[in-house]
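>>> Let's see this in three dimensions:
(one chain, ligands or ions: 1)
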Amino acid sequence: MYAQMVDTGAKKLRSPEEMTPEERAFQARVDADIKIEPKDWMPEAYRKTLIRQISQHAHSEIVGMLPEGNWITRAPTLQRKAILMAKVQDEAGHGLYLYCAAETLGVSRDQMVADLHSGKAKYSSIFNYPTLTWADIGAIGWLVDGAAIMNQIPLCRCSFGPYSRAMIRVCKEESFHQRQGFDIMIKLCRGTPEQKAMAQDALNRWWWPSLMMFGPPDASSVHSAQSAQWKIKILSNDELRQRFIEQTVPQADFLGITMPDPDLKWNPERGHYDFGAIDWSELYEVVKGNGPCNRDRLRARVEAWENGAWVREAALAHAAKRAAAAEKAA
Ligand code: FAQ
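Sure thing, here's the model as predicted:
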């Protein structure tokens, strides 16, 4: 197991005595599980933290369409193609709810998109890995959507109203995504030896990056302590990762494929699975822009934005025309 204590650069939490009266009243509302709404007073750092996390979450949904979109034209049957198209469209919808939730905090959509394109805003590391075979589409649904749900169910209870409400709907759709991925894996694992080998290969490649989706270990996480105090984070990165492992190992057993971790074993004393050391240098490299597909992903998003400029211009011109007509009629 990792035991990496590093200086995270995290700021020390303010005690109630150090808070201003407004901050104390705000924290009391959070502690009482009263939702914070966009027009309520909030500390500037709370607003900034939410803009950072929600916009990065939105970008992840949008960039996350690319690895799976890559297989829409090559899905093995008409039914699989229809399901995959619906899933990828759902991810676009999730991105849009999340951009709307972030906009309530006073940031514009154009600014968020510009930050993604300039590399200032992050998106989930997982979407910088390639989808080499059809089994990768199964592994993404099973593992990536499985990890996303594990992280997002607690977010349904987070302190910021628009984010928590967006998450409720997103989680319902993610459950279908996870099940369709597992269904692909079942089919492959019950198929020919070659198909089962494809499923095993996909698991080998997606397992460790899926564990990294939960973020760095708690001891190295810059934002966790403050986000926990504000109930933006309900469970820590490590707690969620452990729960995901607990949920997923029996599913791999059911499929008859093996986790690529020789140190993974049930620890009856802890009542949890122990697991091998995660190579955190890989996460940090991918987040810095050096993953296998970072450049392709950003290029695809920038091109899509530029190619769609005429649609945005036409929609704005149409809206202006309708507003002018409505004014004339009034
Ligand atoms: N990748 O101090 P912490 C999906 C960054 S949605 C990239 O622990 P925090 C659906 C972090 O931003 C997947 N960057 O940060 C789908 C921070 O950098 P910053 C997305 C990462 O925020 C499925 C720095 O490291 N889900 O999959 C990663 O407290 C299939 C320090 O880290 C969400 O965004 C990473 N893995 O905790 C779509 C959920 N981990 O901002 C299509 C909401 C950490 O200071 C197909 N987000 N970083 O420059 C969260 O829960 C949190 O933001 C964490 C990170 C847990 C991701």
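>>> Now whatever residue of the chain ends up closest to the ligand. Nearest residue, chain neighbours left out?
In the chain, the residue that lies nearest the ligand is G64 (2.6 Å; Cβ to the nearest ligand atom). Where C-beta positions appear, they are placed from N, C-alpha and C, glycine not excepted. Computed as Cβ to Cβ, 6 or more residues apart in numbering, the closest residue to G64 that is not its neighbour in sequence is F127, at 4.9 Å.
>>> Give me the phi and psi angles of the one you found.
Note on F127: backbone dihedrals following degrees, to the nearest 10 are phi -80, psi 10.
>>> contacting residues for it?
Counting by Cβ atoms under 8 Å, 6 or more residues apart in numbering, F127 touches 60, 63-64, 66-67, 293, 297.
>>> how far away is it from Y284?
According to Cβ to Cβ, to the nearest Å, F127 stands 16 Å off from Y284.
>>> near the ligand, which residues of the stretch 151-300 of the chain?
Residues of the stretch 151-300 of the chain found near the ligand, taking Cβ under 6 Å from any ligand atom as the criterion, are 151, 212-216, 221-224, 227, 237, 287.
>>> Derive a ChimeraX selection command for the buried subset of the residues you listed.
Buried residues within those, by 16 or more other Cβ atoms under 10 Å, are selected in ChimeraX with:
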select :151,212,213,214,215,216,221,223,224,227,237,287
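>>> So of the residues of the stretch 151-300 of the chain next to the ligand, which two are at opposite extremes in space?
Using Cβ to Cβ, the two most remote members of these are M212 and S227, lying 18.4 Å apart.
>>> How about the contacts made by G256?
Contacts of G256 by Cβ under 8 Å, 6+ apart are 189, 196.
>>> Tell me the backbone dihedrals of it, please.
Taking degrees, to the nearest 10 as the convention, G256 sits at phi 80, psi 30.
>>> Use 456 as the first number for this chain going forward.
Sure thing, new numbering starts at 456, so read that last one as G711.
>>> re the thing from before, tell me, what's the model's pLDDT at the residue of the chain closest to the ligand?
You'll see G519 listed with a pLDDT of 98.
>>> Equivalent analysis for A537, please.
97.
>>> cool, and T504?
98.
>>> Next: M640.
Looking at M640, its pLDDT reads 98.
>>> got the contact list for it?
Residues in contact with M640 (Cβ under 8 Å, 6+ apart) are 590, 593-594, 597, 654, 710, 712.
>>> and these, which are buried?
590, 593-594, 597, 654, 710, 712.
>>> which residue ranges form the helices in the protein?
476-486, 499-518, 520-524, 533-558, 564-573, 589-594, 601-610, 616-644, 648-667, 679-684, 692-710, 735-740, 749-762, 764-784 (DSSP state H).
>>> Return the most buried member of those helices.
helix 589-594 (a mean of 25; mean count of other Cβ atoms under 10 Å).
>>> So which elements touch that one?
Counting contacts by 3 or more Cβ pairs under 8 Å, 6 or more residues apart in numbering; DSSP states H and E, helix 589-594 packs against helix 616-644, helix 648-667.
>>> Now these in JSON lines, please, with extra columns for distance to D565.
Output for the helices and strands packed on helix 589-594, formatted as JSON lines (distance: least, Cβ to Cβ, whole Å):
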{"stretch": "helix 616-644", "distance to D565": "19"}
{"stretch": "helix 648-667", "distance to D565": "30"}
